[in-house]
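**Student:** Need coordinates for the following:
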Amino acid sequence: MVKYYYGVLFNSVAVIADSVHTLSDSLTSAVVVVGFRVAYTKPDEEHPFGHGRAEEVAAIIIGVLLCVAGYDFAVSSYNKLVSRETLVYSLTLVLVLLVSAAIKEALAMWAFRLGEKFNSESINGDAWHHRSDAIATGLLALAILTAGGTYWWVDGVMGLVVSAFIVVTGGKIVLDASSVLLGRAPSREEVEEIVSVVKKVSPKVQSVHHIHVHKYGEHTEVTLHVHLPDDTSLSEAHEIATLIEDVLRKELGYEATVHVEPASAKRLKNHAD
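**Tutor:** Predicted coordinates for the structure are as follows:
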């Protein structure tokens with residue numbers, strides 16, 4: 001609110017846009033808190049895998065609102081350039097922006113530590129949101145200080161720059177959250193880690209394939225297929241599959257479902273290919 005007040009006072013659309021960017025950080029942090037609260041709600045009959053994806057739903061809403069706000073401020077900045085309207089230069093305005101940038105960077109560092117501690121992508125994303133705001137505010141302060149009230153176009157140009165920051169941040173939030181909701185494929189590193197853990201369970205595991213990973217916040221469901229020798233008894237195959245599920249739960253925290261196939265099925269498939 002302090003930045004918004006000084007933005008209005010000195011007729012700076014760039015500072016007003018930056019204040020909205022800062023407000024969006026607070027909203028995003030609130031969404032993270034609410035998302036965590038919902039995510040840790042116990043599974044129920046309608047949501048057997050829990051409510052972990054509530055974070056992504058809320059993040060998409062915030063991301064869309066950010067993009068709309070960024071677009072509105074880009075239009076305002078463009079109109080200001082066209083009309084050649086200038087801001088009222090003040091050293092006080094520069095000091096307010098520098099203090100704000102320092103506070104936002106401190107919040108970013110704190111959020112990064114929390115994200116590392118809880119291994120949370122949403123907290124790390126929120127930390128980058130704070131850092132992007134700190135960078136944008138610092139650049140804005142530097143531009144206004146350098147211009148010294150001489151260059152009428154600085155405020156409009158920086159307004160466009162800050163607007164771009166807002167739109168890019170909002171777009172990244174939407175894309176990341178949407179990817180999770182749509183069932184993002186596991187990374188190569190995740191697949192290699194799963195295969196490594198599974199193959200250590202028994203020398204009879206000849207191959208691991210058809211790995212699917214479904215994430216619901218802190219809860220992760222994994223399905224996979226393994227090939228065992230054709231002469232493996234049903235009871236032994238069941239024992240190996242159960243052991244794989246237990247090891248994945250213990251070492252990676254995944255709830256796994258294992259489908260067992262005879263090794264001959266792999267040979268037949270390769271021959272058909």
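
**Student:** right, and the secondary structure at His212 would be what?
**Tutor:** strand (DSSP: H, G, I helix; E, B strand; the rest coil).

**Student:** I meant Glu255, not that one.
**Tutor:** Under three-state DSSP, Glu255 comes out as strand.

**Student:** and it, how many neighbours does it have?
**Tutor:** 15 (other CB atoms under 10 Å). In short, each C-beta sits where N, CA and C put it, glycine included.

**Student:** buried residues in the lengthiest helix in the chain?
**Tutor:** Determined from DSSP state H, the single longest helix within the chain is helix 54-83. For helix 54-83, the neighbour count (16 or more other CB atoms under 10 Å) marks 54-56, 58-60, 62-63, 66-67, 69-70, 73-74, 76-77, 80-81 as buried.

**Student:** immediately after that helix, which helix or strand?
**Tutor:** Next along the chain after helix 54-83, taking DSSP states H and E as the criterion, comes helix 91-118.

**Student:** Okay, buried residues for whichever helix or strand comes after that following helix please.
**Tutor:** Remark: after helix 91-118, the chain's next helix or strand is helix 121-147, criterion DSSP H and E. Applying a neighbour-count criterion of 16+ other CB under 10 Å, one finds 122-134, 136-141, 143-144, 147 buried in helix 121-147.

**Student:** Poorly predicted segments of the stretch 1-150 of the chain, please.
**Tutor:** 1-15, 17-28, 39, 85-89, 119-122, 125, 147-150 (pLDDT under 70).

**Student:** separation between Leu142 and Leu97?
**Tutor:** 9 Å (CB to CB, to the nearest Å).

**Student:** Wasn't His227 part of a helix?
**Tutor:** No. Assessed with three-state DSSP, His227 is strand; it does not lie in a helix.

**Student:** Can you check the pLDDT for it?
**Tutor:** In this model, His227 is scored at 94, pLDDT.

**Student:** show me the residues around it that make contact.
**Tutor:** Contact partners of His227, counting by CB atoms under 8 Å, 6 or more residues apart in numbering, are 205-207, 209, 261-263, 265-266.

**Student:** switch to 7 Å and redo it
**Tutor:** 206-207, 261, 263, 265-266 (CB atoms under 7 Å, 6 or more residues apart in numbering).
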